[in-house]
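Student: fold the stuff below for me.
(2 chains)
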Amino acid sequence: MEAWIRARVTLALTLFALLFFVSRSSPPRQFVISNAERRIDLSSHIINVHLTLKVENTGTRPASEVVLALTPTEVDHLAMVDALAIKGKQKKTTSVRLEVKPTELPDAPPIDAKYFTIYLADPLNSGESTTLEVLYVFMHFLEPFPAEIAQSESQLVFYHDTALILSPYHIKQQTTFIKTPSTKVESFIRVEPTNRVGTEIKYGPYEDCPPYTISPIHVHFENNSPFAVVEELVQEIEISHWGNIQVTEHYTLVHAGARHKGVFSRVDYQSRQFSNGASSFRYLLARLPARVHSVYYRDEIGNISSSHLRTNSLKSELEIEPRYPLFGGWKATFVIGYGLPLQDFLFESSDDKRYLNFTFGCPLIGMVVDKLTIKVVLPEGSTDPSPVVPFPVEHRLEAKYSSLDVIGRTVVVLEKKNFVPMHNSHFQVYYTFNPIFMLAEPLMLASAFFMFFVACVAYIHIDLSIRK
Amino acid sequence: MIFYNNPKPKICSNPTMSNSSTSDLLKPFKLKTKQQELLIRVSILCLVYILAFITRLFSVLRYESMIHEFDPYFNYRTTLYLTQHGFYDFWNWFDYESWYPLGRIVGGTLYPGLMVTAALIYRLLHFLRFAVHIREVCVLTAPFFASNTTLVAYFFGKEIWDSGAGLVAAILIAVCPGYISRSVAGSYDNEGVAIFALLFTFYLFVKAVNKGSLAWGLASAFGYFYMVSAWGGYVFIINLIPLYVLVLLITGRYSMRLYVAYNCMYILGMLLAMQIRFVGFQHVQSGEHMAAMGVFFLMQVFYFLDWVKHMLSDTKLFQEFLSITVTCAVAAGGIALGVGVASGYISPWTGRFYSLLDPTYAKDHIPIIASVSEHQPTAWSSFMFDFHILLFLFPAGLYFCFKRLSDATIFIVMYGLTSMYFAGVMVRLILVATPAVCLISAIAVSATVKNLTVLLRSKNKVAQIGSTKGTSSAKASSKASLDQSQPFQKNGAMALLFGAFYLLSRYATHCTWVTSEAYSSPSIVLAARGAHGNRVIFDDYREAYFWLRQNTPPDAKVMSWWDYGYQITAMGNRTVIVDNNTWNNTHIATVGRAMSSYEDEAYEIIRSLDVDYVLVVFGGVTGYSSDDINKFLWMVRIGGGVFPVIKEPDYLVNGEYRVDKGAAPKMLNCLMYKLSYYRFGEMMTEYGKPPGYDRARGVEIGNKDIKLEHLEEAFTTSNWIVRIYKVKPPNNRW
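Tutor: This is a model prediction of the structure:
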């Protein structure tokens, strides 16, 4: 009997807990999207999707969490998501950046979907509406078709999406604009009303779409922009308190577009440049900080002689050319290194700590980085390192032995996957350092020379012969 | 000139005589003459040491810190392996990336001295907390050892003549182009350390002979061991030293010192040398080493006879005993040699050794040795280029050596004469002759300058010097005192001194010029002057090798002529069929045959070798003359040497080698021609010339319509220097 009661209590508790959980985190259905406009830019291999949502609270309670839905494939290729709240009337608008977090919703939607929640700064009262701007950046999302092309062919890619925006809310009116890099579009699926003008395809407007309605489309079009992808970038920033910051960047670059097939003919490549190797690329541009010095560009087998450096007081530009033009599937690895003046990047904070303020990013312009590792090598003897990065990264500590190191240097390692240029921002590494450690290495050298000279003097003055 | 400050110790101990003016000058420092002398000598040596290092850095400054040429890439690759995997893995390394499908036992087929040295320097630097890359160590190994060689040259010169000659020798060898050619920064080859080891061994041996001490003999045995571990040229040591001993025996200079030095050096040196796997039992079995063993036994007979002579007082009895013993010894030696050779226990001389003794041998019998440009007989111009004034000073030095004959000078004379002969046989052996030439020339310079200065300074001290006897300088000055009546002798000496100074400064200029112009180019990167005088760099080799490394399957097999084998494995990291370690003639001949066959025949060979890519070097666009078309006749010859189907006359027209319209039909359709000139007929290379104009040979090519059936172009570098073709899989039968 007692056992029976206990079981019932347990069941009741479980049900109660479940109910509580569900009620807490189910999608707040009180929103309706009165107008949605989506602009998809397909001109390079980094896809920017600008989504403008006019959200209206039709529920009874004030709510502050707006949920966005994406398909699992989209989430796999999502590099970043960013949301802004637009306030004010036309022309005098201000935007406020909002927090976006991935969330799990327990109720099973009719379609497999993953969610992001936007946390509004002020809760939206019943009946009120607001405008949200959402930016999605996708990488590796264009599928080359055909997957292998010859030297003289141009690159065609597929873009898969849905004409209707996937959303947990009811959408009253929506339009989607897709911008292709050129007018050469092989095919696209029409979902009427569909209209194509020049480089733009317009889907919609569609009225009154219930939640989770989709309508798959694809666009098959020509995209010859360089699909340059850095598979791995390891950036090492070594701080010397003697006045220099040495940056070394190891790149693994790959052409991620349609694979090159068959012959590579130098005659054709040299003489008919427009019709040949349209999707290949030869030049890369790196934007380096101003006052950069002793720049080098090399790889495992030596210096690569094809590079140009232009400097002015604001920025430096390094134009580099890999050893060979990169066709689809071809790889190149190389290293760029440069020195920077310490005073531009190292500062003292109020609590007697020092901090490095540096750009988190890849200096090569327009480059997607699959895995970015930044290693900040602090001077020997520095303690309590703490990094401050504006977005989530993995971080850990390592030790490194550089020239004349005895106890080794602390290395702060920061790792970020799926990095796109929009991520470029500053980060800081705070640490404590006692300037007396600066003298360790010169003193070691000086004492070594001193010992050597003492040994020489001793050798000259001491007579070691046995016979007199 | 500073040499008169440090004459022989005998004079030096009498400071009032030769150092009055200098001590006036240096009075404020209040140094003793001996200290002054030491200070000057040490500072000169330090400067020479630094000079020898920095004069070899032209290549690093002009280009970059990189490994040069062909063989150094193998050495670099093995050193990298050694530092990454440790010594035992290196020793047991079976390299399946070369000589596919045979592979190569690397540990047993190389001289590890260079790699071990570089790895030790690398370890030491890392132990001292200098975080350097192994490549930098490898690049700078040769200049570092060149600097050490100057020190050895100083001590050697001091041993055979006096410290003045030693200093001159150090300076001469520091900048001598004959040595610089093999020891610039980046030239990471065995010779870089071997010349140091060679000279060091010789120095230690001469020291051992002079002192008669076991310690020096032991030291020379270890020097020999280092030399054996570093370079195949150790054979020169193991033949020259017995020859020298034999000459001493014949000239009646046999002594206990010689006996101790030679026996210690030979026995210990032999045992140590046998530890090197590449040498092993060859040291007691092969024909090249038999002279040393013969002389060793001869020494024992001599010693025995000496002992018997000491025991027997009767000279007549001794004469009879002598004749019997000598006959028996010679007969026993002859029989042993005969039986050894007949039973195969003693291997006969190798082809390389023969080609040294008989310069025409290689041309007739071993084309693969004759095909190497550095194995050609030396032209007079390259003697002049590499030695400059040393060529004239060398005979003068020999004269001085003969004038003051001793055990040491006999050695240097023999070393000089034999190595000069070898230098005449092969271009690369100028390197071995260089230290001897420098040392002998240094004797000439030092002795002449010393005589002249003594003449100049003799005016007031005639009586004093006249009383000193026994040294050459004293003799010279006493002679001068006799000639004092001559009116212009002082002016004449002055003029001669200036002449010597002028010659030496010309030498220094010449050496610097040669180093910077001729010997400091890495040969991987080619530089040319553009139309506006700007420097144009052709980095095609690395472009192609890096392409191979990044964009071909990791197990791809690359077929090329053997010259590029080491570079492909080191820089391209791909398996090659043949490489610069030309140990298997048949394999190379197979590649030569494939290159000189028609495409379908070649395809069968290529398939049988499991080749994925074929690489050719082509200079027709840039005018780069050492490309595969110019090497092609050697491929034909080497291929034809093993496979008689390939006949050299098929590729020639009236004995003439051409690639234009008048070329032989076989030439126009062989694989090498097709791969080199594929689609070249569409290319405009020079203004005002027809398309397909080959700038390296200055002709319009004969076959512009080349179709490839079984291969396809995979990559061609930006200046067309390297062309890589992919081998297509066989067609489906149905």
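Student: which residue ranges of the stretch 551-700 of chain B form helices?
Tutor: B:565-567, B:585-595, B:599-608, B:628-642, B:665-669, B:671-677 (DSSP state H, counting those that start in this stretch).
Student: could you export the longest one as CSV, CA atoms only?
Tutor: Output in CSV follows, covering the C-alpha atoms of helix B:628-642 (Å, rounded to 0.1, in the frame of the first residue of the first chain):
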residue,chain,number,x,y,z
ASP,B,628,66.6,17.7,-70.3
ILE,B,629,66.9,18.1,-74.0
ASN,B,630,70.5,19.0,-73.6
LYS,B,631,71.0,16.1,-71.3
PHE,B,632,69.1,13.8,-73.6
LEU,B,633,72.1,12.2,-75.3
TRP,B,634,73.3,10.9,-72.0
MET,B,635,69.9,9.3,-71.4
VAL,B,636,70.3,7.6,-74.8
ARG,B,637,73.8,6.5,-74.0
ILE,B,638,73.0,5.2,-70.6
GLY,B,639,69.8,3.5,-71.8
GLY,B,640,71.6,2.1,-74.8
GLY,B,641,74.4,0.8,-72.6
VAL,B,642,72.0,-1.7,-71.0
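Student: buried residues, that helix. List them.
Tutor: Within helix B:628-642, the residues scored as buried using 16 or more other CB atoms under 10 Å in any protein chain shown are B:628-641. The C-beta positions use only the backbone N, C-alpha and C, and glycine is treated the same way.
Student: between the helices of the stretch 551-700 of chain B, which one is closest to residue B:510.
Tutor: helix B:628-642 (29.9 Å; CB to CB).
Student: pretty sure residue B:279 is in a helix, no?
Tutor: No: under DSSP: H, G, I helix; E, B strand; the rest coil, residue B:279 falls outside any helix and is assigned coil.
Student: how many residues are close by it?
Tutor: Around residue B:279 there are 20 other residues, counting by other CB atoms under 10 Å in any protein chain shown.
Student: quick one, what contacts the closest residue to it other than its chain neighbours?
Tutor: Closest residue to residue B:279 apart from its sequence neighbours, by CB to CB, 6 or more residues apart in numbering or on different chains: residue B:273 at 5.4 Å. By CB atoms under 8 Å, 6 or more residues apart in numbering or on different chains, the contact list for residue B:273 reads B:224, B:225, B:228, B:234, B:279, B:283.
Student: helix, strand, or coil at the last one?
Tutor: Under the three-state scheme (three-state DSSP), residue B:283 adopts helix.
Student: let me see the contact set for it.
Tutor: Going by CB under 8 Å, 6+ apart, residue B:283 touches B:270, B:273, B:274, B:289.
Student: pLDDT at the third one, what is it?
Tutor: According to the model's per-residue confidence, residue B:274 sits at a pLDDT of 93.
Student: do the same with the first one
Tutor: According to the predicted model, the pLDDT of residue B:270 comes to 94.
Student: what bits of chain B have low per-residue confidence?
Tutor: Applying pLDDT under 70 to chain B picks out residues B:1-31, B:459-487, B:734.
Student: show me the beta-bridge partners of the residue in it positioned nearest to chain A.
Tutor: Minimum separation of chain B from chain A (CB to the nearest CB) falls at residue B:716, amounting to 3.7 Å. Beta bridges link residue B:716 to residue B:723, judged by DSSP bridges.
Student: from residue B:226, how far off is it?
Tutor: Residue B:716 is 45 Å from residue B:226, where distance means CB to CB, to the nearest Å.
Student: so these two - more neighbours on which side?
Tutor: Shown here are residue B:716 and residue B:226; by other CB under 10 Å, residue B:716 has more neighbours (27 against 21).
Student: got the contact list for the more buried one?
Tutor: A:264, A:265, A:266, B:722, B:723, B:724.
Student: mind listing what the last one touches?
Tutor: To tie it back to what came earlier, the one meant is residue B:724. B:544, B:547, B:548, B:558, B:613, B:614, B:615, B:713, B:714, B:715, B:716.
Student: what residue ranges in chain A score low on pLDDT?
Tutor: A:1-29, A:89-91, A:106-109, A:468.
Student: could I get the contacts of residue B:716 as TSV with distance to residue B:246?
Tutor: Listed next are those as TSV, based on distance: CB to CB, whole Å:
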residue	distance to residue B:246
A:264	64
A:265	66
A:266	62
B:722	52
B:723	55
B:724	55
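Student: what's the local residue count around the closest residue to chain B within the stretch 101-250 of chain A?
Tutor: Closest to chain B within the stretch 101-250 of chain A is residue A:151: 10.1 Å, counting by CB to the nearest CB. The burial count assigned to residue A:151 is 20, neighbours taken as other CB under 10 Å.
Student: likewise for the one 5 residues further on?
Tutor: Residues contacting residue A:156 under the criterion other CB under 10 Å number 22.
Student: what is it paired to in the beta sheet?
Tutor: Assessed by DSSP bridges, residue A:156 has beta-bridge partners residue A:222.
Student: strands of the stretch 301-450 of chain A, start to end?
Tutor: Along the stretch 301-450 of chain A, the stretches classed as strands by DSSP state E, counting those that start in this stretch are A:302-303, A:307-311, A:315-320, A:331-341, A:346-348, A:354-360, A:368-377, A:383-388, A:394-400, A:409-419, A:425-432.
Student: specify the stretch among the ones you listed that is closest to residue A:237.
Tutor: Residue A:237 sits nearest to strand A:368-377 of all those, at 5.0 Å, using CB to CB.
Student: gap between that closest one and the chain center?
Tutor: Strand A:368-377 sits 10 Å away from the centroid of its parent chain (CA atoms, centre = their mean, to the nearest Å).
Student: also stretch A:348-357?
Tutor: That offset, for stretch A:348-357, works out to 27 Å (CA atoms, centre = their mean).
Student: which residues sit against it?
Tutor: Around stretch A:348-357, the neighbours that count as contacts under CB under 8 Å, 6+ apart are A:237, A:239, A:245, A:345-347, A:376, A:384, A:426-433.
Student: run the last query once more with 7 Å
Tutor: Here stretch A:348-357 makes contact (CB atoms under 7 Å, 6 or more residues apart in numbering or on different chains) with A:239, A:345, A:346, A:347, A:376, A:426, A:428, A:429, A:430, A:431, A:432, A:433.
Student: contact residues of the stretch 301-450 of chain A facing chain B?
Tutor: Proximity of the stretch 301-450 of chain A to chain B (CB under 7 Å from any CB of the partner chain) is limited to residues A:301-303, A:305, A:323-324, A:330-333, A:401-405.
Student: change it to 8 Å
Tutor: Contact residues (CB under 8 Å from any CB of the partner chain) of the stretch 301-450 of chain A with chain B: A:301-306, A:323-324, A:329-333, A:401-406.
Student: can you list the buried residues in stretch A:175-190?
Tutor: By neighbour count with 16+ other CB under 10 Å, stretch A:175-190 contains the buried residues A:175, A:176, A:177, A:178, A:180, A:181, A:185, A:188.
Student: list the beta-bridge partners for residue 94.
Tutor: Just so you know, I chose chain A. Applying DSSP bridges, one finds that residue A:94 bridges with residue A:87.
Student: let's do chain B instead
Tutor: Assigned bridge partners for residue B:94, using DSSP bridges, are residue B:105.
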